[in-house]
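model the following, please.
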Amino acid sequence: MIKVKIGHASNNQVNFLEVTGHANSAPYGQDLICAAVSAVITGGFNNLVNLKNYEIKLDEGHAYFKGNAPLDAHDEAVIETIICGLNTIQESNPEFVEIKTDK
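Next up is the predicted model:
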């Protein structure tokens, strides 16, 4: 199962996002749920601008984002778009994706 953890700062912005695991919905290399989650995360992380303000890790089976400063409008929109994409995947595949948020 893919597990997503989302954390928020006191200003209500997302300041933490971690995605771990594999969906295991199909054989390795054919898992469309893993591919979708990977595409959303990788595409989103590649569009972040103020990289000096974040800790980012992107490995197979583990993606991590931690904000060390408030997000500017662009990067906030990118993070919210990542979360929207993950929510869409989870809604269609709840047996393979779990999302937990501190809100």
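
so what's A26 up against?
Residues in contact with A26 (CB atoms under 8 Å, 6 or more residues apart in numbering) are 32-33. Heads up, the C-betas are built off the backbone N, CA and C, glycines and all.

okay, it: pLDDT?
With respect to pLDDT, A26 scores 95.

at which residues are the helices of this protein located?
Taking DSSP state H as the criterion, the chain carries its helices at 32-46, 73-92.

which neighbouring elements make contact with the shortest one?
Looking back up the chat, that one is helix 32-46. For helix 32-46, the packing partners by 3 or more CB pairs under 8 Å, 6 or more residues apart in numbering; DSSP states H and E come out as strand 2-8, strand 54-59, strand 62-67, helix 73-92.

most remote residue from the middle of this protein, which is it?
P27 (22.5 Å; CA atoms, centre = their mean).

gap between that one and C34?
11 Å (CB to CB, to the nearest Å).

ditto for T42
Here T42 is placed at a distance of 12 Å from C34 (CB to CB).
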